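Novice: Just the structure for this:
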Amino acid sequence: MEELLNLFSVHREMIYFVALSIFVGVEVIGSVPTVLHTPLMSGANAIHGVVIVGAIYVMLNVDTDDVLALSLGFLAVLLGTLNVVGGFVVTDRMLEMFKKK
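Specialist: This is a model prediction of the structure:
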């Protein structure tokens, strides 16, 4: 427990930054009109390939004994891949609506 409190005290600015970015993101997404929400989100999800590349890069430079960093990197790659695939699936379904039958 003391290690966790020490971690929070050492990385306090980073935690504040993440919390602030979450609130700003919720406000920005909340103000997007409903008609534009799905196209914007599907495009943003497809762009998350950057997250996958970054997570792989970090995992390559981590010591093999650091299980926490490797597991977080694996989780980032997994969730980023799901996000990219979901973005392409939603975009494909939207484009199918505009094709002539």
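
Novice: Might you calculate how far the helix or strand of the chain with the lowest mean pLDDT sits from the centre of the chain?
Specialist: Taking mean pLDDT, DSSP states H and E as the measure, the helix or strand of the chain with the lowest value is helix 34-47, at a mean of 71. Averaging C-alpha positions (C-alpha atoms, centre = their mean, to the nearest Å) puts helix 34-47 14 Å from its chain's average.

Novice: Beyond that helix, next helix or strand please.
Specialist: helix 49-60 (DSSP states H and E).

Novice: Next, count neighbours for residue 42.
Specialist: Per other C-beta atoms under 10 Å, the neighbour tally for residue 42 reads 20. C-beta here means a position set from N, CA and C on the backbone, and glycine is covered the same way.

Novice: Give the burial count for the closest residue to residue 56 other than its chain neighbours, as a bare number.
Specialist: Leaving aside its chain neighbours, residue 56 sits nearest to residue 77 (6.3 Å; criterion: C-beta to C-beta, 6 or more residues apart in numbering). As a burial measure, residue 77 scores 18 neighbours (other C-beta under 10 Å).

Novice: list the contacts for residue 77?
Specialist: 52, 55-56, 59 (C-beta atoms under 8 Å, 6 or more residues apart in numbering).

Novice: In this structure, where is pLDDT below threshold?
Specialist: Along the chain, segments meeting pLDDT under 70 span 37, 43, 46.

Novice: For the least confident helix or strand of the chain, which helices and strands make contact with it?
Specialist: When contacts are defined as 3 or more C-beta pairs under 8 Å, 6 or more residues apart in numbering; DSSP states H and E, helix 34-47 packs onto helix 67-97.

Novice: let's go with 10 Å and repeat that
Specialist: helix 12-30, helix 67-97 (3 or more C-beta pairs under 10 Å, 6 or more residues apart in numbering; DSSP states H and E).

Novice: Those helices: which one's closest to residue 42?
Specialist: Taking C-beta to C-beta, helix 67-97 is the member of those nearest to residue 42, at 4.0 Å.

Novice: which residues touch residue 95?
Specialist: Shown in contact with residue 95 (C-beta atoms under 10 Å, 6 or more residues apart in numbering): residue 42.

Novice: Great, nothing more from me.
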